[in-house]
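Engineer: Pasting the sequence and the predicted coordinates here, then a few questions.
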Amino acid sequence: MGLKIVKGMRDLQGEEIEPFQLIEAKAREIFALYNFQEIRTPILEQTELFARGVGEETDIVGKEMYLLEDRRGQSLAMRPEGTASVVRSVITNNLMQQNKLLRYFYFGPMFRFERPQKGRYRQFYQIGVEYFGVSTPDADLEMILMLKHLFREINLQKVSFQINSIGCQAEECRPAYKVKLQEFLQGVKEDLCENCIRRIDTNPLRVLDCKVPKCSQLTNDAPRIDESLCGDCDEHYKELQSLLKEHKVEYSVNSKLVRGLDYYSRTVFEVYSDGLGAQNAAGGGGRFDGLFQVYDADPVPSIGFALGLDRLAMLIDVPEKKEQGIFVVGHDRTIVGKIVASCREAGFSCMYDPFLSSMKSQFRQANRLKVKKVLILGGDELKNNTLSVKDMASSQQTTINREDLVQHLNESKE
Ligand code: AMP
């Protein structure tokens, strides 16, 4: 059998991985400014966690999860998203008992058995943030401001930002809206796609963001959820919008944005980018004030978002690498090895040619690595216990005593 990679999965290395590293590094910086801490949860969770939290009727749980049985017959899922795992961790570790507020971020792979295409993979990477403990729209604002800050920092252009409110579980709010929407959908049932016909009963809100053009057109006339909110949800939504205006955040209202997963309540938002083609959602999030109760835990008002790192990586430009590091050129394996080791010990990135090929070839390698300095150990240098140091930008060369190397490097550091 010929070896091949699993469909929909990617190996990332070389230039491809650079935008991932850059975005992760910037995200760490920004999250620290807002006092978010890293959390790492396992890739495997009990299948039940997602079935209950995300919802059996969602595509993610119903069709896309990677499931396996462990050796004892327990059903496990490779996480398709991060929020349920983080909430599970807060509950199983009793973290809300010790804190009034919790602010977490995570990076990591997620798994969904979707049809692969550009920007859509079966293993993809998310950057996510969850904020637990605050019910007022200040938390929603903070999330959105942080997201915008990160986008600015990674120089992400052409992003647009949409928000909506999908109400709460109170009888007079989303449940009442669902009934109104179902009535409307029954009236146009014949013209909906097959999936949407099924969704009328199972998950009617999802019909609103169906991408099939005729469904999308028909639902333009559907009752609007943002016009059917209960008093508290309406107030929350209005307050958030006035805060966004106060902070000069540009956004548009999309009353058909529902985000698909069961656990959302009130505020939902998504970020799109022109540069992404068909898969144009760079990230999304929202409130999930009811999720802890789904797991029989005390309620905790919560909000979060997740960004698709694979997609952000397609959008950003990685600045050219600055020349850095040292390359040692020579043919005496022992002395070259010692010089390389002392450079590294002193904190300088250093490389050499383990094949000790011709001088010309070693210089070629140094050029390819874009090093700042080449240390030359030729015949004269070997004889005199010296080293020639060539500055690659200026092509200037000086000769120094070998034992003065670290001091010389430190002095010529920028
Ligand atoms: P979701 O919570 O499903 O909206 O996912 C959040 C973000 O993750 C999306 O906006 C995408 O950028 C990214 N994402 C979701 N599914 C995939 C996938 N299969 N491949 C690549 N990125 C994805």
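Structural biologist: That came through, no problem.
Engineer: from memory A281 sits against A306, does it?
Structural biologist: No - using Cβ atoms under 8 Å, A281 is not in contact with A306, being 10.4 Å away. Every C-beta, even on glycine, is put in place using the N, C-alpha and C of the backbone.
Engineer: Can you measure across stretch 246-254, start residue to end residue?
Structural biologist: For stretch 246-254, the first-to-last residue distance is 20 Å (Cα to Cα, to the nearest Å).
Engineer: ok, what's across the strand from the residue in the stretch 151-300 of the chain that the ligand sits nearest to?
Structural biologist: For the stretch 151-300 of the chain, the residue positioned closest to the ligand under Cβ to the nearest ligand atom is A281, at a distance of 3.6 Å. For A281, the beta-bridge partners are Y272 (DSSP bridges).
Engineer: circling back to that earlier point, show me which of A281 and A306 is the more surrounded one.
Structural biologist: Neighbour totals were compared for A281 and A306, and A306 leads with 18 against 15 (other Cβ atoms under 10 Å).
Engineer: Would you check that the more buried one makes contact with A282?
Structural biologist: No - assessed by Cβ under 8 Å, A306 is found out of contact with A282, at 10.2 Å.
Engineer: Excluding chain neighbours, give the residue nearest to N195 in space.
Structural biologist: For N195, ignoring the flanking residues on the chain, the nearest one in space by Cβ to Cβ, 6 or more residues apart in numbering is C210 at 7.0 Å.
Engineer: With F292 instead?
Structural biologist: V300 is the one closest to F292 (Cβ to Cβ, 6+ apart), at 4.7 Å.
Engineer: Please report how far the residue nearest to N195 lies from V188.
Structural biologist: C210 sits 12 Å away from V188 when distances are taken as Cβ to Cβ, to the nearest Å.
Engineer: Buried ones in stretch 14-24, by neighbour count?
Structural biologist: E18, P19, F20, L22, I23 (16 or more other Cβ atoms under 10 Å).
Engineer: Can I get it in PDB, CA atoms only?
Structural biologist: Taking Å, rounded to 0.1, in the frame of the first residue of the first chain, the C-alpha atoms of stretch 14-24 are listed here in PDB:
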ATOM      1  CA  GLY A  14       8.200  25.700   5.700                       C
ATOM      2  CA  GLU A  15       6.700  28.900   4.400                       C
ATOM      3  CA  GLU A  16       3.200  27.600   4.900                       C
ATOM      4  CA  ILE A  17       3.600  27.500   8.600                       C
ATOM      5  CA  GLU A  18       5.000  31.000   9.000                       C
ATOM      6  CA  PRO A  19       1.600  32.800   9.000                       C
ATOM      7  CA  PHE A  20       0.300  30.400  11.600                       C
ATOM      8  CA  GLN A  21       3.300  31.200  13.900                       C
ATOM      9  CA  LEU A  22       3.000  34.900  13.300                       C
ATOM     10  CA  ILE A  23      -0.800  35.000  14.100                       C
ATOM     11  CA  GLU A  24      -0.400  32.800  17.200                       C
END
